[in-house]
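Asks: Using only what follows, build the 3D model:
(one chain, ligands or ions: 1)
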Amino acid sequence: MAVLISILKEKIKRSIQESFKKEFEKKEFSPEITPCTSEKFGHYQCNDPLKLTKILKQTPSEIAKKIVSNIKDKKIFEKIEISKNGFINFIFDKNFISNELDAIFQDPYLGVIPKKNKKIIVEFSSPNVAKELHVGHLRSTIIGESLSRLFEFLNYSVLRLNHIGDWGTQFGMLIAYLKQKKEILEQASLSELTNWYKEAKKRFEKDSEFAKKTKEEVVKLQSEEKEELEIWEKICAISRKAYNEIYNLLDVKILERGESYYNPFLKGIVKDLEKKNLITISDGAKCIFLEGFTSRENTPLPLIVQKSDGGFNYVTTDIAAMKQRALEEKADRIITVIDQGQSLHLKMVHEACVKAKYIDPSKTKFEHVAFGVVLGPDGKKFKTREGETVKLLDLLTEAINKAKEILIKKDPLISNHRLEKLSHILGINAIKYSDLSCHRLKDYKFSYERMLKFEGNTSTFLLYSYVRIMGIKRKLKNDPKKLLKFAKIDLKHPTEISLGLHLIRFAEVIENMEKDLLPNRLADYLYELAEKFNAFFRDCHVIGSKEQNNRLKLCELTAKILKKGFYILGLQVTESL
Ligand code: ARG
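Replies: Have a look, this model is predicted:
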């Protein structure tokens, strides 16, 4: 069965455009169609007639009437109403919505239009070797995973990259320190490694002999000498083990391609930038000065690509990475998920790459997916009581433990197996959802208590709707698949229509999320879906009613969309709670 165009907005938009062309012979007009602020006004609205009065020199309601009279495909609407100020409200016919839902039910993309041959790189997580991951990395990991899943669902070819900070002068310090210490590296934990790093740093600042040594170690590492390379690899392996534990808990898949990957290209890049006359020497360092980037004192801001001691830095690596991703990977879109604090840096790197022709903005779109800070319950930056960064593994384990307590309270006789499984699902879902349901540019307060609640806009509340539908299916003794075979969705009751319309909007929400990369759009949608489903379930009899099979189909479609939405947000489902 052919899937009908289910993006309703587009449908209305096209109708209006056609009608507008006919009436006013203006070709370039892109009407704005938004869902009605309240369902009592209608399903979608268009407020453009008011904006057009100046150009067309007619009253808004005259314009609205003309637009409406030209709409051809009127049978998909139950009503089109024009309000006093010329706003047009559209109410879809319930049979039309029912048919659309039947089509979406069959469609693996659930009404969303997939992409063809598009390649996207999503860089996320990107912690630094020999340092503990902090909550900023957690945000990047959760958001990046969700965006990657979104693009995979949309049929993009997705390359998920972990741009680990695994290269740089800090390794000279660590190697020099570890050589003196002669510890058995293999058995060290990331915490030990982090402590050694701190000690090495202290010694570097105090002891000039040691400082000299670290510089020699950097040179040796950069020329890839065996002993130094081996120590470096061990340091990376210890760090990797710690990240992987977190990625496993979070169900995150990502390819490691750290900063060291780009090391062989750095020299050539600086040479090439010099050849292209983009380099200015300032205080002995090779810099790029870009128009429009100035400091607070209004002096030009340098983008340093080679330090005065000859070393390359974070910027050089980022230029190399952007070049490789655009020219070699030939990505259509490159996305970097990292905190807002790095926005200026990334803007400058991008601009420099455009100037050097390492990226062609007409072919490759670069986007910085920025996010705000996680705050502690006291509204200050999230830290432990001792003022240290919170270890992510502790944070995740704590969420799981707290979920366990709640589950035991609810059912003291819960089996161990169920307790383990459910606490993991509820705990990790809660952490992810409380992050993704906030607008990512805003800071948010971290609260176990709030995120683990069973009601309100929480992951467990959403999960309950899914579990309820699974329960309905279990109650129906016959095979629901058989029941669904001949069922047709046939919306009647107002809360049933409202649920149906919301299910169609899934495609619209996914399309918006693809554009603005805001996962909270999907979270809000799912929350509303759960509420609408609950209202429908309260008002409409399912099991044993004469509409049983049709309504079961509506429930099943709700479950499909909830499950897909959950998957895109990186959340897990369970059949019973
Ligand atoms: N490792 C960096 C940090 O922890 C993040 C890297 C972000 N990505 C990039 N291409 N600069 O702050």
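
Asks: Just give me the neighbour total for whatever residue of the stretch 251-400 of the chain ends up closest to the ligand.
Replies: Per C-beta to the nearest ligand atom, the residue of the stretch 251-400 of the chain with the smallest distance to the ligand is I338, at 4.1 Å. All C-beta atoms are positioned from the backbone trio N, CA, C, and that covers glycine. Residues near I338, counting by other C-beta atoms under 10 Å, number 24.

Asks: So which elements touch the helix or strand hosting S69?
Replies: For S69, the element it lies in under DSSP states H and E is helix 60-70. When contacts are defined as 3 or more C-beta pairs under 8 Å, 6 or more residues apart in numbering; DSSP states H and E, helix 60-70 packs onto helix 8-24, helix 48-56, strand 77-82, strand 88-92.

Asks: To the ligand, which of these lies closest?
Replies: Of all the helices and strands packed on helix 60-70, helix 8-24 comes closest under C-beta to the nearest ligand atom, at 35.0 Å.

Asks: Run the angle between the closest one and strand 77-82 for me.
Replies: 60 degrees (axes from the mean of the first three to the mean of the last three C-alpha atoms, to 10 degrees).

Asks: Can you show me the CA trace of helix 8-24 as CSV?
Replies: C-alpha atoms of helix 8-24 as CSV (Å, rounded to 0.1, in the frame of the first residue of the first chain):
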residue,chain,number,x,y,z
LEU,A,8,-0.1,17.5,7.2
LYS,A,9,1.5,20.8,7.4
GLU,A,10,3.0,20.3,4.0
LYS,A,11,-0.4,19.2,2.7
ILE,A,12,-2.1,22.4,3.8
LYS,A,13,0.9,24.5,2.7
ARG,A,14,0.7,23.1,-0.8
SER,A,15,-3.1,23.6,-1.0
ILE,A,16,-2.7,27.2,0.1
GLN,A,17,0.2,27.8,-2.3
GLU,A,18,-1.8,26.5,-5.2
SER,A,19,-4.8,28.5,-4.3
PHE,A,20,-2.7,31.6,-3.8
LYS,A,21,-1.0,31.3,-7.1
LYS,A,22,-4.4,31.1,-8.8
GLU,A,23,-5.8,34.0,-7.0
PHE,A,24,-3.0,36.5,-6.8
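
Asks: so after whatever helix or strand K432 lives in, what's the next helix or strand?
Replies: If you go by DSSP H and E, K432 is part of helix 416-436. As assigned by DSSP H and E, the chain's next helix or strand after helix 416-436 is strand 444-445.

Asks: Past that following strand, which element shows up next along the chain?
Replies: Counting by DSSP H and E, what follows strand 444-445 is helix 448-451.

Asks: Which residues are in contact with the residue in the stretch 451-577 of the chain positioned nearest to the ligand?
Replies: Nearest residue of the stretch 451-577 of the chain to the ligand, counting by C-beta to the nearest ligand atom: L517, 15.8 Å away. Contacts for L517 (C-beta atoms under 8 Å, 6 or more residues apart in numbering) come out as 147, 335, 367, 369.

Asks: Tell me the buried residues within those.
Replies: Among the contacts of L517, the ones that count as buried by 16 or more other C-beta atoms under 10 Å are 147, 335, 367, 369.

Asks: Spell out which two among those are the most distant pair, please.
Replies: Of all pairs drawn from the buried ones among the contacts of L517, the greatest distance, 10.0 Å, lies between L147 and E367 (C-beta to C-beta).

Asks: anything in contact with each of these two?
Replies: 335, 517.

Asks: before we move on, back to that, the residue of the stretch 251-400 of the chain closest to the ligand against E367, yeah?
Replies: No. The pair I338 / E367 is not scored as a contact, 11.4 Å apart, by C-beta atoms under 8 Å.

Asks: what's in contact with the helix holding S69?
Replies: With contact meaning C-beta under 8 Å, 6+ apart, helix 60-70 is reached by 16, 18-20, 22-24, 46, 49-50, 52-53, 56, 80, 82, 84-88.

Asks: Now restrict these to buried residues only.
Replies: Buried members of these, counted by 16+ other C-beta under 10 Å: 16, 19-20, 24, 46, 49-50, 52, 56, 80, 82, 86-88.

Asks: Before I go, just wanted to say thanks for your time.
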